[in-house]
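Asker: Sharing a sequence plus its predicted fold:
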Amino acid sequence: MPVAALATDAAIQSAAADAHWPSAQWWRAYGDPQLNRWVELAVQGSPSLAMAAARVRQARAMAGVAEAAEAVQINGTSTLKRHNWPTDPFYGPGDLANSTTWDNNAALGLTYALDLWGRERNATEQALDLAHMSAAQARMAQLELQNNVVRAYIQLSLHYARRDIVHATLEQQQQILALAQRRLDGGIGTHFEVSQAQTPLPETHRQLDALDEEIALSRNQLAALAGFGPGQGAQLQRPSLSLGAPLPLPSALPAQLLGQRPDVVASRWQVAAQARGIDVAHAGFYPNVDLVAGLGFMATGGGALEFITGKKLNYNVGPAISLPIFDGGRLRAQLGEASAGYDLALAQYNQTLIDALKSISDQLIRRESMDKQQAFAAESVASAQKTYDIATIAFERGLTDYLNVLNAQTQLFAQQQVQQQVQAARLSAH
């Protein structure tokens, strides 16, 4: 695609002001040693990364197989057999008729593809391109695993924060119940107020139990991502994530950084491999010329190993030519398949570029928005806390009813939930 078609937006252009290259261990910015250790454990023990590494080794081996086709091929054969010779009035075997002798031979065969049209060379390059693509895909799998571990860890942190809010709400509800009971005992309250204060307690206990379940499930998810059983996840302590410093970005966006993304690299290698596939298909239309040679010796009769003395030496050498004359359209269909595969890979590469730029812009917009939302959420929590404190004091002094306290408490709880969700979204956007 032309560069003009990949025009960047204001978010990407403004991000270019900070001259900084991202760290390979980007998750260390959260300042949580436990997270650092779990990401390292996941990279070392994840079955998904083991599969990706195996695919890389497989692709490299296939590249070695293709490259071997360009080298001289030498094969050795040898046979030792007892032969009973019949009587044949037309073809002999003359003096050997009605006898059983050794009929042994040994030979070395040599084949070398001259590769006049580059078929073997392009097949090797195609296999190497596919190996490079597999390596980039393995890096994609590693980044995806690291990303999933960090996101699951952030969710675990969010569940703990929400549990703190619900637990604090439970304590407040219990305090209000005690206050309502004291008002009733003092003759200035009513049984209705006590009943109202008791009503939300079971639901709050249920929410606490549900959050304990979410915490346990998040631990199991982290253990599975790291390649462990659930027992290992039970050892996880409460996360201590923090992002005190802003996220610095590279000074050159998107071209230089975009070219380093493993999804773009893998897609580019796929295009290169498909281009080589077209060259391989083209070469199939031309004569195939190989150099073949053989060297051997044989012996009929005598001892079992008499043939190795070399008394009956024979050799052959010369070119071997094969030319497709009529194949029912097979070669043309193979060329069409290769061309379509190239067009598909090219379209996928262009789509990868478009998706990558969208992803970058989306994250930059989201990051800037999360910073603003975090400030607004903090203001809302402070305001809701002030309202709740005023309502509690007024209820204690008999200046308002319990309904106002309950409404203030509900609003505070909701704003605290929003604040924690915004914080988790900010950590994820990082």
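Answerer: Okay, I see it.
Asker: residue boundaries of the strands in the stretch 101-250 of the chain?
Answerer: With DSSP state E, counting those that start in this stretch, there are no strands along the stretch 101-250 of the chain.
Asker: In it, where is pLDDT below threshold?
Answerer: Residue ranges of the stretch 101-250 of the chain with pLDDT under 70: 244-250.
Asker: can you give me the helices in it?
Answerer: Here the stretch 101-250 of the chain has its helices, by DSSP state H, counting those that start in this stretch, at 119-185, 191-198, 201-225, 230-233.
Asker: ok now do the spatially most central residue of the chain, which residues does it touch?
Answerer: Central residue check for the chain by Cα atoms, centre = their mean: the C-alpha nearest the mean position is that of A141, 1.9 Å away. A141 makes contact with S48, L49, A52, according to Cβ atoms under 8 Å, 6 or more residues apart in numbering. Where you see a C-beta, it was placed from the backbone N, CA and C, and this is true even at glycine.
Asker: For the nearest residue to it once chain neighbours are set aside, give me its contacts.
Answerer: Spatial nearest neighbour of A141, excluding adjacent residues (Cβ to Cβ, 6 or more residues apart in numbering): A52 at 4.1 Å. Counting by Cβ under 8 Å, 6+ apart, A52 makes contact with Q137, A138, A141, Q142.
Asker: which parts of stretch 388-401 are buried?
Answerer: The neighbour-count check on stretch 388-401 (16 or more other Cβ atoms under 10 Å) flags Y388, A391, T392, F395, T400 as buried.
Asker: Which of the residues you listed sits closest to T124?
Answerer: Nearest to T124 among the buried residues of stretch 388-401: Y388, at 72.9 Å, using Cβ to Cβ.
Asker: From T190, how far off is that closest one?
Answerer: For Y388, the distance to T190 under the criterion Cβ to Cβ, to the nearest Å works out to 22 Å.
Asker: quick one: T100 is in a helix?
Answerer: No - counting by DSSP: H, G, I helix; E, B strand; the rest coil, T100 is not part of a helix but strand.
Asker: check contacts around it.
Answerer: R82, H83, N84, W85.
Asker: Could you say which of the helices of the stretch 101-250 of the chain is packed most deeply?
Answerer: With neighbours defined as mean count of other Cβ atoms under 10 Å, those peak in mean count at helix 119-185, which reaches a mean of 19.
Asker: Quick one, which of the contacts of T100 are buried?
Answerer: The neighbour count (16+ other Cβ under 10 Å) marks W85 as buried among these.
Asker: So which of the contacts of T100 sit within strands?
Answerer: R82, H83, N84, W85 (DSSP state E).
Asker: Would you reformat those as TSV and include pLDDT?
Answerer: Shown next, in TSV, are those (pLDDT from 0 to 100):
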residue	pLDDT
R82	87
H83	84
N84	84
W85	82
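Asker: tell me which residues in the helix or strand harbouring M62 are buried?
Answerer: Element membership of M62 [criterion: DSSP states H and E] is helix 47-68. Using 16+ other Cβ under 10 Å as the test for burial, helix 47-68 gives L49, A52, R55, V56, A59, R60, M62, A63, A66, E67.
Asker: pLDDT (mean, whole number) over stretch 285-294?
Answerer: Average pLDDT, stretch 285-294: 91.
Asker: So that it lines up with my notes, have the first residue be 22 from now on.
Answerer: Noted, 22 is the first residue going forward, which turns the last one into stretch 306-315.
Asker: so what's D284 up against?
Answerer: Under the criterion of Cβ under 8 Å, 6+ apart, the neighbours of D284 are A157, M161, T373, A377.
Asker: one more time with 7 Å, if that's ok
Answerer: By Cβ atoms under 7 Å, 6 or more residues apart in numbering, the residues touching D284 are M161, T373, A377.
Asker: Distance check, G252 against E61.
Answerer: In terms of Cβ to Cβ, G252 sits 19 Å off from E61.
Asker: returning to what we had before: the buried residues of stretch 409-422 in helices, which ones?
Answerer: Counting by DSSP state H, those place Y409, A412, T413, F416 in helices.
Asker: ok, now how distant is the first one from A403?
Answerer: In this structure, Y409 lies at 11 Å from A403, with Cβ to Cβ as the measure.
Asker: what's the closest non-adjacent residue to R142?
Answerer: Excluding the flanking residues, the one nearest R142 by Cβ to Cβ, 6+ apart is D136, at 5.9 Å.
Asker: could I get the ones in helices among the buried residues of stretch 409-422 as a markdown table with distance to L257 and pLDDT?
Answerer: As requested, these are exported to a markdown table (distance: Cβ to Cβ, whole Å; pLDDT from 0 to 100):
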| residue | distance to L257 | pLDDT |
| --- | --- | --- |
| Y409 | 33 | 90 |
| A412 | 38 | 90 |
| T413 | 36 | 86 |
| F416 | 41 | 83 |
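Asker: Specify which member of those is nearest to F347.
Answerer: Once Cβ to Cβ is applied, the member of those that ends up nearest F347 is Y409, at 89.1 Å.
Asker: List the residues that contact the closest one.
Answerer: Contact analysis of Y409 by Cβ under 7 Å, 6+ apart lists A429, Q430, L433.
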